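[1] take a look and give me a structure for this.
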Amino acid sequence: MYLKIINFKKLTPTRSLLNKGSAITNMIVLIRFLTLLTCRMSKWMFLLTDISWISQKVKKSFILIIIFFSLNNLYAVELNGKFNQGNLIRGKTNPKSKVLIDGKELRVSGAGFFVFGISKDRKNDVIISVIENGITKHIIKKVYKKKYKIQKIDGLPQKQVTPPKEVYERIKSDNKLIGKARAVETDLTFFSNKFKPPLKNAIITGVYGSQRILNGIPKSPHYGLDFAAKEGTKIKAMLDGVVTLAENDLYYTGGTIIFDHGHGVSTLYMHLKDVLVEEGQKIKQGDLIGTVGSTGRSTGAHLDIRLNWFNIKLDPMSVLDK
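    You can find the predicted model right below:
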């Protein structure tokens with residue numbers, strides 16, 4: 001809630017009440033006034049009618065202040081995050097408001113939290129529509145471009161560049177499992193809290209959005225964040241969440257864990273040596289969830305983490321509390 005500083009000298013409610021002959025009466029009025037400032041407009045009006053002995057002049061002054069205060073707080077929207085390509089944006093508004101992004105309605109929690117992601121290659125502005133009491137306000141945000149790196153890796157076995165045909169069905173099945181886990185939408189609001197790095201003092205060796213050229217062949221961009229670490233290094237949960245996928249041996253990602261953090265936000269940990277959680281398990285930030293490995297299609301021991309808003313792949317660095 002945003003508050004305005006009010007000049008009480010201009011209000012002078014006590015002047016019209018001096019005839020009541022009581023300093024206590026004036027104090028009661030002031031206390032009630034300050035209490036009213038924390039209420040919504042409907043509650044203000046109800047309480048004002050209850051204070052029948054206040055003069056009409058003072059009531060009118062109160063009503064004007066109430067209207068001014070209410071209008072200044074209507075559509076109050078907080079947005080957390082930079083509007084860069086690949087970033088997660090977290091917001092908060094009046095829980096009774098509707099919020100739409102590009103015409104698509106978002107889930108708004110009981111505390112007013114909402115969230116959405118900006119895709120890697122988005123070029124057009126983001127249009128945020130806030131609807132309250134039948135009135136719509138539009139907020140237009142420019143999306144800023146990121147410069148993506150080119151990463152070349154040579155000398156890889158051919159099967160790590162182009163998988164053999166006999167594993168195509170396995171890859172298809174793995175992708176369905178991952179897609180199903182990422183499509184989960186719950187009313188959890190863990191996403192509104194700060195994320196923490198999964199490893200301590202690890203060197204980042206791969207970044208989001210980099211174009212990978214394997215043995216001279218251009219491949220899909222890298223959508224994760226790679227941490228170099230020794231095999232067996234303990235991995236901690238970046239945020240509270242519920243396990244929606246826990247697999248020991250997927251073709252590309254090896255030992256894999258996906259967490260639901262609410263409203264379509266999920267994180268994925270891959271190439272794990274040990275998977276120490278189970279599907280459906282509730283995890284707290286900082287809990288041990290697995291160990292670093294080189295499983296799946298991997299060139300060496302490391303941890304690759306991913307961040308998604310439903311099927312939109314986002315940059316984990318945009319949320320990590322570094």
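[2] all helices of this structure, in order?
    All helices of the chain, identified by DSSP state H, fall at 8-11, 23-36, 41-50, 56-73, 158-161, 168-182.
[3] those helices: lowest mean pLDDT?
    Lowest mean pLDDT within the helices of the chain: helix 8-11, a mean of 41.
[4] list the contacts for the nearest residue to Y208 once chain neighbours are set aside?
    Spatial nearest neighbour of Y208, chain neighbours left out: D315 (3.9 Å); criterion: Cβ to Cβ, 6 or more residues apart in numbering. From N, CA and C alone the C-beta is placed, and that goes for glycine too. When contacts are counted by Cβ atoms under 8 Å, 6 or more residues apart in numbering, D315 touches 86-88, 120, 146, 208-209, 225, 307.
[5] with N80 instead?
    Here N80 is in contact with 89-92 (criterion: Cβ under 8 Å, 6+ apart).
[6] and if we set it to 6 Å?
    With contact set as Cβ atoms under 6 Å, 6 or more residues apart in numbering, N80 has these partners: R90.
[7] next one: the one 3 residues further on
    Residues in contact with F83, defined by Cβ under 6 Å, 6+ apart, are 141, 143.
[8] cool, and N87?
    N87 touches 81, 118, 318, counting by Cβ under 6 Å, 6+ apart.
[9] any idea what the closest residue to G286 other than its chain neighbours is bridged to?
    Spatial nearest neighbour of G286, excluding adjacent residues (Cβ to Cβ, 6+ apart): K236 at 5.2 Å. Beta bridges link K236 to L288, judged by DSSP bridges.
[10] so what pLDDT did K236 get?
    pLDDT at K236 comes out at 98.
[11] gap between the two ends of stretch 84-98?
    24 Å (Cα to Cα, to the nearest Å).
[12] now that stretch: buried residues?
    Using 16 or more other Cβ atoms under 10 Å as the test for burial, stretch 84-98 gives 85-94, 97.
[13] cool, stretch 307-317 as well?
    307-310, 312-317.
[14] could you give the average pLDDT over it?
    For stretch 307-317, the per-residue pLDDT averages 98.
[15] okay, that stretch in PDB with CA atoms only?
    Output of stretch 307-317 as PDB, limited to C-alpha atoms (Å, rounded to 0.1, in the frame of the first residue of the first chain):
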ATOM      1  CA  LEU A 307      13.900 -21.600 -14.900                       C
ATOM      2  CA  ASN A 308      10.500 -21.700 -16.600                       C
ATOM      3  CA  TRP A 309       7.200 -19.900 -16.600                       C
ATOM      4  CA  PHE A 310       5.100 -22.700 -18.100                       C
ATOM      5  CA  ASN A 311       6.800 -23.500 -21.500                       C
ATOM      6  CA  ILE A 312       8.700 -20.200 -21.600                       C
ATOM      7  CA  LYS A 313      12.300 -20.800 -20.900                       C
ATOM      8  CA  LEU A 314      13.800 -18.000 -18.800                       C
ATOM      9  CA  ASP A 315      17.200 -16.900 -17.500                       C
ATOM     10  CA  PRO A 316      17.900 -18.300 -14.000                       C
ATOM     11  CA  MET A 317      20.400 -15.400 -13.400                       C
END
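[16] centroid residue for this protein?
    R90 (3.8 Å; Cα atoms, centre = their mean).
[17] relative to I305, how far out is the nearest residue to it once chain neighbours are set aside?
    Once flanking residues are discounted, R90 sits nearest to N80: 4.5 Å by Cβ to Cβ, 6+ apart. N80 sits 20 Å away from I305, going by Cβ to Cβ, to the nearest Å.
[18] A181 now?
    15 Å.
[19] what is the burial count for P164?
    Using other Cβ atoms under 10 Å, P164 has 8 neighbouring residues.
[20] wait, what's in contact with it?
    Going by Cβ under 6 Å, 6+ apart, P164 touches no other residue.
[21] please apply the same query to the one 3 residues further on.
    The neighbours of V167, taking Cβ under 6 Å, 6+ apart as the test, are Y251.
[22] the chain - how does it break down into domains?
    What automatic domain parsing lists as the domains of the chain is 8-73, 78-141, 150-318.
[23] most packed of those domains?
    Stretch with highest mean neighbour count among the domains of the chain: domain 150-318 (a mean of 18; mean count of other Cβ atoms under 10 Å).
[24] and the residue nearest to G286, how far is that from N94?
    Counting by Cβ to Cβ, the gap from K236 to N94 is 35 Å.
[25] isn't N248 right up against V275?
    Yes: the pair N248 / V275 is scored as a contact, 5.4 Å apart, by Cβ atoms under 6 Å.
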